[in-house]
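> with the sequence up front, the predicted model follows.
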Amino acid sequence: MTLQADLDAIDWKILRELQEDGRMTNVELSRRVGISAPPCLRRVKRLEETGVIRSYRAILNAPALGKDVVAFCQIGLHHQADAELKAFAERTRHWPIVRRAWMVSGDSDFLLHCVADDLSTFQTFVIEELTSAPNVDTVRTALTIRQVKDEGLVAIDGR
């Protein structure tokens, strides 16, 4: 796989640190990566401008907010024409329970990461929204039991 951005060891350190704590000050970040603050800020701005850093977010504790059900849904469509795939992808953007969605290869066409208040809310969503959506053929769900790993979305090796 070809690297899409020209990154050196300092850039990788910046990415690792920001993925761990995106709220740290530029001064703290520069201290952690071993360069002074002005060039560190320039590097961060370049990483943002080139799209390597897409955005910054707060990671919320779902159970603390009463969101006790996390599930994954594998969706198979009747037809996989480009227009049908795009239509389903667009539909996922309007379902608040769906927090992430991927078009996938294999036995299913989409994989949805869902978070709901409770099992009843999730079941209602599956029955009234997913299974009744146009072109949906199969819906397979997997309720999570316990999260056992929670890392940043991109593995950054010891660069």
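Great, that's in hand.

> do you know the pLDDT at Gly51?
Looking at Gly51, its pLDDT reads 93.

> same check on the one 5 residues further on?
For Tyr56, the pLDDT comes out at 93.

> and Met1, by the same measure?
Each residue has a pLDDT score; the one for Met1 is 40.

> i'd like the first residue to be 3 from this point on
All set: I'll call the first residue 3, so the last point we hit is now Met3.

> wait, what's in contact with the residue most central in space within the chain?
To find the centre residue of the chain, average its C-alpha atoms and take the closest one (CA atoms, centre = their mean): that gives Arg102, at 5.7 Å. The contact partners of Arg102, by CB atoms under 8 Å, 6 or more residues apart in numbering, come to Leu114, His115. In short, each C-beta sits where N, CA and C put it, glycine included.

> part of a strand, is it?
Yes - Arg102: assigned to a strand according to DSSP: H, G, I helix; E, B strand; the rest coil.

> tell me how far it lies from Pro41.
Here the criterion is CB to CB, to the nearest Å. By it, Arg102 lies 34 Å from Pro41.

> CA atoms of the lowest-mean-pLDDT helix or strand in the chain as PDB?
Within the chain, confidence by mean pLDDT, DSSP states H and E is lowest for helix 11-22 among all helices and strands, at a mean of 94. As requested, the backbone C-alpha atoms of helix 11-22 are provided in PDB (Å, rounded to 0.1, in the frame of the first residue of the first chain):
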ATOM      1  CA  ALA A  11       9.300  10.500  12.100                       C
ATOM      2  CA  ILE A  12       8.200  13.700  13.800                       C
ATOM      3  CA  ASP A  13       4.900  13.800  11.900                       C
ATOM      4  CA  TRP A  14       4.200  10.200  13.000                       C
ATOM      5  CA  LYS A  15       4.900  11.100  16.600                       C
ATOM      6  CA  ILE A  16       2.500  14.100  16.300                       C
ATOM      7  CA  LEU A  17      -0.200  11.800  14.900                       C
ATOM      8  CA  ARG A  18       0.300   9.200  17.600                       C
ATOM      9  CA  GLU A  19       0.100  11.900  20.400                       C
ATOM     10  CA  LEU A  20      -2.900  13.700  18.900                       C
ATOM     11  CA  GLN A  21      -4.800  10.400  18.400                       C
ATOM     12  CA  GLU A  22      -4.200   9.700  22.100                       C
END
